[in-house]
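Participant: structure for this input, please:
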Amino acid sequence: MALQELRFRADHLTAVLNGSKRITMRFRDPVEVGPATLVFESSPEVRLPGQITSAVAKTVATVSDDEAREDGFADADAVLAGLRDYYPRLEADDELVIVRFDVDEVTRPQRMHTALDAEDARALAEFYRQLLGLRYRPGDEPPTDGTADDADWLVLVDADGRRQLAVQRTDVLPRSTWPSTEIPMQMHLDFAVPTPAALELHRVHAEQLGARVLHDRTQVESEPLYVLADPAGHPFCLLVGAL
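Facilitator: Numbering: from 1, shown residues only. Model (predicted):
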């Protein structure tokens, strides 16, 4: 049997994830205490596992100031006008259900490594490998059979196999003029999430926080990812992967 759904507008996602929203008021939308799927009406939908912890019926006129503020209203007097955005025919003597809910633990994106641009990926990887005492991820070592080294993506790990740095080849890389602002520093962060569903969740969340999608590579099943720009314009990647 399918779990009951508690549906929200997409712009409620950040408040639900950070814990500031744990109450919602529903009209003619029956719910029961127990497991539920929290559905955010983004594109595509974001679905989070959760629990409805209480469902209390009362009329609009008897909603308390505290309950109103928990749901983002200024006070109880603002509830009727606010809910009419959702339920245009709502009246003060109509019965609401005040729903309290929790969200099952959400896996946040984990930093995989910082990625550096370089015209010669191998040379820069070798510099940092020796400087920091790192080693190559298995399969990224220099070729030993005399073939040309045309690596365009190399990962350096520590003695325990944890990712520390990545180097990606680019055809042209003007040297940074820092501290002059003519050409800024050039690098990006990669963040891993465990599943495609988590990827969509955190893409939506990042956009709500001010990021914008620069590139969508979610159609690549082996490693779906988004490249986004943070609010200051720095690119970063969200991808399905392991640390």
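Participant: tell me if I am right that residue 200 is in a helix.
Facilitator: Yes. Assessed by DSSP: H, G, I helix; E, B strand; the rest coil, residue 200 belongs to a helix.
Participant: so what pLDDT did the residue in the chain sticking out farthest from the centre get?
Facilitator: What lies farthest from the middle of the chain is residue 146; by Cα atoms, centre = their mean that is 43.2 Å. For residue 146, the model assigns a pLDDT of 79.
Participant: gap between it and residue 123?
Facilitator: Per Cβ to Cβ, to the nearest Å, residue 146 is found 18 Å from residue 123. All C-beta atoms are positioned from the backbone trio N, CA, C, and that covers glycine.
Participant: before we move on, the earlier item: now the residue farthest from the centre of the chain: which helix or strand?
Facilitator: Residue 146 belongs to no helix or strand when assigned by DSSP states H and E.
Participant: just the CA trace of the strand ranked longest in the chain, in CSV.
Facilitator: When the chain is parsed with DSSP state E, its longest strand is strand 46-59. Taking Å, rounded to 0.1, in the frame of the first residue of the first chain, the C-alpha atoms of strand 46-59 are listed here in CSV:
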residue,chain,number,x,y,z
VAL,A,46,11.4,16.1,-4.7
ARG,A,47,10.2,13.4,-2.4
LEU,A,48,11.4,13.0,1.2
PRO,A,49,10.6,10.2,3.7
GLY,A,50,9.0,11.5,6.9
GLN,A,51,6.6,10.9,9.7
ILE,A,52,3.3,12.6,10.6
THR,A,53,3.5,12.9,14.4
SER,A,54,0.2,14.6,15.1
ALA,A,55,-3.0,15.7,13.3
VAL,A,56,-5.3,17.9,15.3
ALA,A,57,-8.6,19.2,14.0
LYS,A,58,-9.8,22.7,14.9
THR,A,59,-11.6,25.6,13.3
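Participant: run the chain-centre distance for that strand.
Facilitator: Centre-to-centre, strand 46-59 and its host chain are 23 Å apart (Cα atoms, centre = their mean, to the nearest Å).
Participant: residues of it that come out buried?
Facilitator: Residues 46, 48, 50, 52, 55 are the ones in strand 46-59 that count as buried (16 or more other Cβ atoms under 10 Å).
Participant: repeat that for stretch 144-160.
Facilitator: 151, 154-157.
Participant: relative to residue 225, which of these is nearest.
Facilitator: residue 155 (14.9 Å; Cβ to Cβ).
Participant: rewinding a little: how close does the residue farthest from the centre of the chain get to residue 136?
Facilitator: Distance from residue 146 to residue 136, counting by Cβ to Cβ: 18 Å.
Participant: what's the answer for residue 119, then?
Facilitator: Using Cβ to Cβ, we find residue 119 at a distance of 19 Å from residue 136.
Participant: what's the helix or strand for residue 66?
Facilitator: helix 65-70.
Participant: following the chain onward from that helix, which element is next?
Facilitator: Criterion used, DSSP H and E; the element after helix 65-70 is helix 79-83.
Participant: give the pairing partners of the helix or strand following that next one; include direction for each.
Facilitator: As assigned by DSSP H and E, the chain's next helix or strand after helix 79-83 is strand 95-103. The strands beside strand 95-103 in its sheet (DSSP bridges) come out as strand 23-26 (antiparallel), strand 46-59 (antiparallel).
Participant: what distance separates the shortest one from the centre of its chain?
Facilitator: Meaning strand 23-26. That offset, for strand 23-26, works out to 24 Å (Cα atoms, centre = their mean).
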